[in-house]
Each structure stands twice: as structure tokens, then as C-alpha cells.
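S.K.: Sequence and predicted structure are below.
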Amino acid sequence: MIIAVDGPTASGKGTIAKALAAHFGLPHLDTGLLYRAVGRQVALDGGDPDCAEDALAACSFPDALLDDPELRSEESGGLASRVSIHPAVRQALYARQRAFAMQPAGAVLDGRDIGTVIAPDADVKLFITASVQARARRRWLEMTAGDIGREIDIPLAEIERDIVARDDRDISRKDAPLRAAADALVIDTTGMNRERAIAEAIEAVRMHRAAAR
Ligand code: DC
């Protein structure tokens, strides 16, 4: 079974994808991490994330970079969003994601274009969303609690602005923009706690599977 989990930043899609993978015993790939690694590699190389050539060169980042805690920072998220605009970068990362999705046992992948581009043939497609305010608040709580490895003192309004800018870039890019696949089930996690969001997603997958039998 392939499960595609898409949605905007801080919607809860990563948490949900991880929980689905554990529940159904499937391997999980956070595809955003690949784009974050490309963004970070560009910065390490002293390149320009808005230059397609520099970004493409950074796609051959070493695998060890995927374990760098710095990838989870807001800065890396912003760089990832910028390099992800380039079609050459998306193409360079396609094979790795597609191979992961096609494992015999199945897989859970989360990102922006899993249900539309990477695995349009996925058995279940979820699109996880939440209001900008709810997402900014979650991200702020994570950051100020030191969940990304160190405590960061940052105003909530700044995170909100950053999320809006990132949404705009992800939605308006020409190649594989962020959007729900026509056959995706949309789950709005605004006002849901972590447990409830996970329970809803598990139930959605279960119902989908039962209906397909
Ligand atoms: O999910 P995330 O916040 O880690 O993603 C960071 C950026 O990477 C996001 O703003 C856009 C890009 N991305 C993408 O274009 N396609 C994906 N499948 C995953 C992430």
C-alpha cells in the first residue's frame, strides 16, 4: 500500500505520516528533507538558491547531510522552498522518491506533490491542512521549546509571515505546485490535537482500504 500525505508547512503532515507508517508497518520518507538538504548544500557551497545551476549541483549532497539537525531550522525550510522551484532540481530528486514509493511492501511519503507527481497511483492520498494561525502557533511552540535542537526566541508574527511567504511560493510555482490531488481526502487539523489528527488519518486509511476490497 502506498500512502501519499501532502500539505503545507506545519500542517501536521509529517507527524501524521510518521504515525501512519508506524501503525501500518510501512517505511516512511519525509521528502521535504531532500529539498532541505539541497538548500543547505547550496548554502554550504556558497551558491545562490535562486540559481538553477547552483541548486542542481547541490542535488548530489552527501547522504550524511540528511542527519544534520540544522535541516529542521526555518532557514533551511526557506532555502528548500527556493530551490524546489527549479524543475531540474525536482527532476533530480524524482527517481529517489519514486523508488522509495515502489518498494514491494509499500510506503508512506509526505511532501507537496506526492499524490500529484511522485505517486499519482498511490492507494490512499491525504491532504493535511490547517489555518495559517494554527500552523504558526505550532511551529512557534516547537521552536521556543527547543524541539529543533536549540531554543529560539522568535516572535509569532515573524513565523506567520514566513509561513505565508512559503505557502505563496509553494502554491504558485509552475512545476508541481502544492495542491490537493483531485482524489485526495482533505483533513483540516485546525483545532485538533496531535492524537485526534493521527486518529482521523488512521481511520481514513482504514476506511479507504475497506472500500477498495
Ligand atoms: O515539508 P517541508 O517544510 O520540510 O518542505 C520544505 C520545502 O521543500 C517546501 O517549502 C517545498 C519543498 N518541497 C517540495 O517542493 N516538494 C516536496 N515533495 C517536499 C518539499
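M.R.: That came through, no problem. Keep in mind the model is a prediction, meaning the values are calculated, not measured.

S.K.: could you show me where the helices are in the chain, in order?
M.R.: Assigned by DSSP state H, the helices in the chain fall at 13-24, 31-44, 52-57, 74-83, 87-101, 132-144, 156-172, 194-212.

S.K.: Let's have the ones you listed in a markdown table, adding mean neighbour count.
M.R.: (Each C-beta comes from the backbone N, C-alpha and C, glycine too.) Putting the helices of the chain into a markdown table (neighbours: other CB atoms under 10 Å) gives the following:
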| stretch | mean neighbour count |
| --- | --- |
| helix 13-24 | 20 |
| helix 31-44 | 23 |
| helix 52-57 | 18 |
| helix 74-83 | 22 |
| helix 87-101 | 16 |
| helix 132-144 | 18 |
| helix 156-172 | 15 |
| helix 194-212 | 15 |
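
S.K.: With the ligand as the reference, name the closest of the ones you listed.
M.R.: When the helices of the chain are compared by CB to the nearest ligand atom, helix 31-44 sits nearest the ligand, at 2.3 Å.

S.K.: how much space is there between Thr190 and Phe127?
M.R.: Using CB to CB, to the nearest Å, Thr190 is found at 14 Å from Phe127.

S.K.: okay, Arg213: pLDDT?
M.R.: The model reports Arg213 with a pLDDT of 77.

S.K.: Same question for Ala130.
M.R.: Ala130 is assigned 97 on the pLDDT scale.

S.K.: measure it to the ligand for me?
M.R.: From Ala130 across to the ligand, the span is 13 Å (CB to the nearest ligand atom, to the nearest Å).

S.K.: list the contacts for that residue?
M.R.: 10-12, 138, 188-190 (CB atoms under 8 Å, 6 or more residues apart in numbering).

S.K.: again, only this time at 10 Å
M.R.: By CB atoms under 10 Å, 6 or more residues apart in numbering, Ala130 lies in contact with 7-8, 10-13, 136-138, 187-192, 197.
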